[in-house]
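sequence plus the predicted model coming up.
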Amino acid sequence: MKDTPGQDFTSDAKQVQLIERFLDNLWAERGLSDNSLQSYRHDLLNLHNRLATNGKSLTGVVREDILTLLAAEIKRGKSPRSLSRYLSAYRQFFAWLLREGKLDSDPVALIESPKTGRGLPKALTEEQVESLLASPDTGTSLGLRDKAMLELMYATGLRVSELVGLALSNINMNQGVIRVIGKGQKERLVPIGDEAHESLQVYLSSGRPELLKGVQTDYVFVTTRKSGMTRQAFWYMVRRYADLCNVPQKLSPHMLRHSFATHLLNNGADLRVVQLLLGHSDLSTTQIYTHIAREGLKRMHETHHPRG
């Protein structure tokens, strides 16, 4: 929704509050470092201040406002890399505002970033994933829950928000699939896989009832408070297990999603199948994983090409 009477999204405090809420969401979803979050904060506060100077707000901005600001940055000698960084922050912020119902349209949707090269998502090795998945203590109800969550995320490539928001009504254990409500309320069916299916079955039959103690909820993954898991709690949980095994200290939950895609491609999966499983609307978003799956692609070429 745009700025309207009775909804004071335009005050300075409310605008800053929106930015901080977005940063909290970024931290929970992607586990960004303090430096990265501060960079987002700097760029978005600068955007807010520049817009306010012209009598505009973050929830009332249009495409022409963004283009005017970018043109001013170019005149100031900002590099293409800096402009791309600004646009990246803007895109994620405005996409979040759309999901939150604070905007009717995305003001940066049709603005292209300068060509600067694209960063690659980080993925774990298959050995590191195995170590991580073996970390929870399955002798406890919390360990059964954590094991099921890690197995399911790696087996399905779910986003963190999709995992913690998963409902019992969206799981078909007989068929071994889950129905996922992704970005833009788009639905997709994702197979669970044998290992994740087994871990989920044990958790649902033993761990979850012990945690809930008779309380009814449709959330699959619950806490000792008998409520659904939050993204922040899942992030802390992943970091805790990262400390217990030989995986990078900067491990984020999103790296399991990256690992899911990379390992599928390494083992010969079709790119369009991976696109469907990840819930990407654009194949180009999925194609970036081919760059970090070179080892598997090279092996496939050597095996199948007549001159490999």
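Received, thanks.

from now on I want contacts and neighbour counts done on CA atoms only, so please keep to that.
Will do.

tell me the SS of V61?
coil (DSSP: H, G, I helix; E, B strand; the rest coil).

use 19 as the first number from now on
I'll keep to 19 as the first residue from here, and by that count the last item is V79.

now the residue lying closest to it once chain neighbours are set aside: how far from Y254?
Spatial nearest neighbour of V79, chain neighbours left out: P125 (6.8 Å); criterion: CA to CA, 6 or more residues apart in numbering. Between P125 and Y254 the computed distance is 34 Å (CA to CA, to the nearest Å).

who has more neighbours, these two?
P125 (21 against 15; other CA atoms under 10 Å).

checking that one next. Helix, strand or coil?
Classification of P125 using three-state DSSP returns coil.

return the residues in contact with it.
Each residue near P125 by CA atoms under 8 Å, 6 or more residues apart in numbering is listed here: V79, V80, R81, E82, I84, F112.

so how do I select the buried members of the residues you listed in ChimeraX?
Buried residues among these (16 or more other CA atoms under 10 Å), as a ChimeraX selection:
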select :79,84,112
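
which two from the contacts of P125 end up farthest apart in space?
Farthest pair in those (CA to CA) is E82 and F112. Separation: 14.7 Å.

am I right that K96 sits in a helix?
No. The assignment for K96 (three-state DSSP) gives coil, which keeps it out of a helix.

got the contact list for the closest residue to G225 other than its chain neighbours?
Spatial nearest neighbour of G225, chain neighbours left out: S159 (4.1 Å); criterion: CA to CA, 6+ apart. Taking CA under 8 Å, 6+ apart, we find S159 in contact with Y221, S224, G225, R226, E228, L229.

format those as a markdown table; extra columns: pLDDT and distance to R197.
Output for the contacts of S159, formatted as a markdown table (pLDDT from 0 to 100; distance: CA to CA, whole Å):
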| residue | pLDDT | distance to R197 |
| --- | --- | --- |
| Y221 | 97 | 19 |
| S224 | 95 | 23 |
| G225 | 96 | 22 |
| R226 | 96 | 20 |
| E228 | 96 | 25 |
| L229 | 96 | 24 |
